[in-house]
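# Pasting a predicted model and its sequence here:
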Amino acid sequence: MAVSYPNRIVRREPIPIDARAADHLRYIRETMESAAEFTAVPGWGGVTMGMTALGAALLAARESTPRAWIAIWLAEAFVAVAIAAPAAATKARRANSSLFSGPGRKFVLSFAPPIVVGGLLTLALFLSGSVSALPGVWLLLYGTAIVTGGAFSVRAVPIMGLCLMGLGAGALFAPAAWGNLFMAAGFGLVQIGFGIWIALRYGG
């Protein structure tokens, strides 16, 4: 004879409302971060970088050896990093954001690979004696880094990258004697022009 038992009522502990609220806030924050633009690209810092690049172009034009020419432009690259990094960090701090979270992290991760490739190609081209190709390679890869990183930034940034890539393509097929002029135009004038645009439109 089957014995029936009354249905047991399983009581579950209610989920605290603060736990659900925390999950919802976390989801909202992550969604906003993924949709946000990286606005800490330094405008006035870019202007300063462009001015130092013009100075480097003047110095490099006076050099007669490839080694000295490269040394001046590599020194300028380190100067540019020393300008850009604190300027971007300051701008991000004013906007209550971080360079390494949300869109800032995406910008950096997208920007870095073309720069690493540029460093490797610089060494390879120097060792092979193909220094005349460096202006085109540098402008193309820096422009590529700006375009890929700029996909997570304001519109002016990828447009600047495209301009740099155009100059780089021209430098690859122009006479070698024009290389320094292309460098001055790209790293100098383009950087200054777009730096002013970003500074005035996007808060410094």
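Everything's here; your move.
# Can you point out the helix or strand that includes L164?
In this assignment (DSSP states H and E), L164 forms part of helix 156-173.
# quick one: buried residues of that helix?
By neighbour count on 16 or more other CB atoms under 10 Å, the buried set for helix 156-173 is 156-158, 160-161, 163-165, 167-168, 170-172. For every residue, glycine as well, the C-beta is placed using N, CA and C.
# Check the offset of that helix from the chain's centre.
Using CA atoms, centre = their mean, to the nearest Å, the mean C-alpha position of helix 156-173 is found 15 Å from that of the whole chain.
# So what touches it?
41, 133, 135-151, 178-179, 182-183, 185-186, 190-191, 194, 197-198, 201-202 (CB atoms under 8 Å, 6 or more residues apart in numbering).
# got the buried residues for stretch 53-68?
A53, L54, A56, A57, L59, A60.
# what's the next secondary structure element after the lengthiest helix in the chain?
Criterion DSSP state H: the longest helix present in the chain is helix 66-94. Counting by DSSP H and E, the element after helix 66-94 in chain order, helix or strand, is helix 103-128.
# if we can go back for a sec, among the buried residues of helix 156-173, list the two that are farthest apart in space.
Distance extremes for the buried residues of helix 156-173: the farthest pair is A156 and L172 at 25.1 Å, using CB to CB.
# rewinding a little: of all the buried residues of helix 156-173, which comes closest to F107?
V157 (8.7 Å).
# What distance do you get for the closest one to L54?
21 Å (CB to CB, to the nearest Å).
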